[in-house]
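[1] Structure of the sequence below:
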Amino acid sequence: MGTKPGVGDAFPDIALETPEGGSVKPSDFAGKPLVVFFYPKDDTPGCTTENIDFTALKPKFEEAGVAVLGVSKDPPARHAKFIAKHDLAVPLASDAAEHGLSDALGIWTEKQNYGRTYMGMVRTTYLVAGDGSIAKVWDKVKVKGHAQAVLEAAQSL
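    Sure thing, here's the model as predicted:
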């Protein structure tokens, strides 16, 4: 296990599955800033709030010329249901591959809850500059106010 990429490092260019059955990778957004927010699970309270907050601010991200992508390990079909249920406007992608993007970033890791150990996603957001380098990292994100803080950072790029 290598060191986690940080500010100034290249953001790994690993393909993710989309709910529509295609794939998307960070380099598809080359030339413009990209926010990639990783969250643990579709349709859980914190993750739902985070996705709704990013959806609400999507027009402001677009005004700033910034793309936004939400990522979890949930399968594409679950993403499609989650998007429909909550009328989400932010595109979601599945990092379901064995050694996917979250592995490369070191945020798919062992977690503990009520004495149980399991693999899980650490809620983390990356602001990727137009040249593909990491401009900012939010680690172990608290959802309240997060999307707004990311927007402000993205606007200052």
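[2] Give me the buried positions along the helix or strand where residue 54 lies.
    For residue 54, the enclosing helix or strand under DSSP states H and E is helix 45-63. Buried residues in helix 45-63, counted by 16 or more other Cβ atoms under 10 Å: 46-55, 57-58, 61. Where you see a C-beta, it was placed from the backbone N, CA and C, and this is true even at glycine.
[3] swap in stretch 147-157?
    147, 150, 151, 153, 154.
[4] lowest-pLDDT helix or strand in the protein?
    Lowest mean confidence among the helices and strands of the chain (mean pLDDT, DSSP states H and E): strand 108-113, at a mean of 91.
[5] quick one: residue 83 and residue 92 touch, right?
    Yes. Counting by Cβ atoms under 8 Å, residue 83 does reach residue 92; the two are 6.3 Å apart.
[6] more crowded one of the two?
    residue 92 (25 against 19; other Cβ atoms under 10 Å).
[7] what separates the nearest residue to residue 111 once chain neighbours are set aside from residue 16, distance-wise?
    Among residues not flanking residue 111 along the chain, residue 120 sits closest, at 4.0 Å (Cβ to Cβ, 6 or more residues apart in numbering). Between residue 120 and residue 16 the distance is 18 Å, computed by Cβ to Cβ, to the nearest Å.
[8] Compare these two and say which is more crowded by neighbours.
    The neighbour comparison of residue 120 against residue 16 (other Cβ under 10 Å) goes to residue 16, with 23 against 17.
[9] isn't the more buried one right up against residue 100?
    Yes. Using Cβ under 8 Å, residue 16 is in contact with residue 100, at 7.2 Å.
[10] contacting residues around the residue nearest the centre of the chain?
    The residue lying closest to the centre of the chain (Cα atoms, centre = their mean) is residue 37, at 2.2 Å. Neighbour list for residue 37: 50, 54, 68, 69, 70, 71, 123, 124, 125, 126, 141, 150 [criterion: Cβ atoms under 8 Å, 6 or more residues apart in numbering].
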